[in-house]
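K.L.:
build the 3D model from these lines:
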Amino acid sequence: MHHTIEVKDLRFKYPDGHEALRGVALSIAPGEKVALVGPNGAGKSTLMLHLNGILEVQQGEVCSCGLPVRKENLGKVRSAVGLVFQDPDDQLFSPTVFDDVAFGPLHMGLAEDEVRRRVRDALAAVDMADAISRVSHHLSVGQKKRIAIATVLSMDPEILALDEPSAGLDPRARRGLIKLLRKLPQTMLVSTHDIRMVAELLPRTVIMDQGRVVADGSTPQILSDAALLEAHGLEAP
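P.N.:
Take a look at the predicted model:
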């Protein structure tokens with residue numbers, strides 16, 4: 001079966017010598033919604049940044065949507081894998097919401113009317129259609145998170161990789177985000193500390209610790225294993 005994400009024996013060292021990934025293997029099938037959990041420093045963000053080539057593969061291999069993540073494929077990989085950062089301010093840098101959401105499609109060289117259609121569709125998908133002419137940095141954190149998701153949806157990705165999507169949200173914005181993610185059709189990998197969100201939204205859970213995958217299974221099974229969660233610094237929901 002053609003996996004959307006295929007990671008084999010991925011190892012990564014930062015320039016200071018810190019070994020962030022120590023032989024990670026992970027396969028995600030089309031349409032799966034998978035949680036990536038584990039303590040801080042487990043390597044979750046480092047893994048996410050490999051999926052669309054922000055970090056270069058040092059050792060091992062990463063394939064996204066059947067394409068090896070390498071320099072020559074980066075354009076295709078980046079439109080196939082929408083990476084949403086933890087801090088939406090890392091993603092939003094244009095004068096208006098329209099410009100932010102149009103940025104990717106414009107870089108793909110699409111015609112102006114197609115760009116406009118994609119911007120409208122992406123904003124509609126995150127329930128932010130009426131924000132199209134607003135200034136991104138005037139929005140609330142919850143609204144910014146939605147716009148950040150729209151900036152990758154406008155590129156029509158097959159995969160969404162979200163880093164801590166519910167961090168910093170008030171309860172209402174968090175509920176809204178969970179509802180939004182539930183209705184999106186993309187394959188999803190969600191790195192999060194929000195175990196309640198994992199239980200509600202993501203049928204499969206992968207635990208990372210110290211640069212390795214230490215558990216991978218159905219979410220109910222993993223979240224009911226109190227000893228496993230405790231061993232990796234996670235709280236039962």
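K.L.:
so where is this protein shaky, pLDDT-wise?
P.N.:
1-2 (pLDDT under 70).
K.L.:
make it 80
P.N.:
1-3 (pLDDT under 80).
K.L.:
quick one, strands of the chain?
P.N.:
5-13, 19-28, 33-37, 59-64, 67-68, 81-84, 159-163, 187-191, 204-209, 212-218 (DSSP state E).
K.L.:
any idea which of those strands gets closest to A150?
P.N.:
Proximity to A150, assessed across the strands of the chain by CB to CB, is greatest for strand 81-84 (9.7 Å). Where you see a C-beta, it was placed from the backbone N, CA and C, and this is true even at glycine.
K.L.:
with distance to H137 added, can I get the strands of the chain in TSV?
P.N.:
Below are these laid out as TSV (distance: least, CB to CB, whole Å):
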stretch	distance to H137
strand 5-13	32
strand 19-28	31
strand 33-37	29
strand 59-64	31
strand 67-68	34
strand 81-84	17
strand 159-163	20
strand 187-191	25
strand 204-209	33
strand 212-218	37
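K.L.:
now those strands as TSV including mean neighbour count?
P.N.:
Shown next, in TSV, are these (neighbours: other CB atoms under 10 Å):
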stretch	mean neighbour count
strand 5-13	19
strand 19-28	18
strand 33-37	24
strand 59-64	19
strand 67-68	15
strand 81-84	24
strand 159-163	23
strand 187-191	24
strand 204-209	22
strand 212-218	16
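K.L.:
closest to V115 out of those?
P.N.:
Proximity to V115 (CB to CB) singles out strand 81-84 among the strands of the chain, at 16.3 Å.
K.L.:
what strands line up against the closest one, and which way round?
P.N.:
Its sheet considered, strand 81-84 pairs with strand 159-163 (parallel) by DSSP bridges.
K.L.:
who's in contact with the strand it pairs with?
P.N.:
Residues from elsewhere that reach strand 159-163 (CB atoms under 8 Å, 6 or more residues apart in numbering): 4-5, 28, 44-45, 48, 51-52, 64-65, 80-86, 149, 152, 181, 184, 186-192.
K.L.:
rerun at 7 Å
P.N.:
For strand 159-163, the external contacting residues (CB atoms under 7 Å, 6 or more residues apart in numbering) are 4-5, 45, 48, 51, 64-65, 80-86, 152, 184, 186-191.
K.L.:
repeat for stretch 65-85
P.N.:
2, 4, 48, 50-53, 57, 61-64, 91, 108, 148-149, 152-153, 155, 157-163, 165.
K.L.:
for that stretch, what is the distance to the chain centroid?
P.N.:
13 Å (CA atoms, centre = their mean, to the nearest Å).
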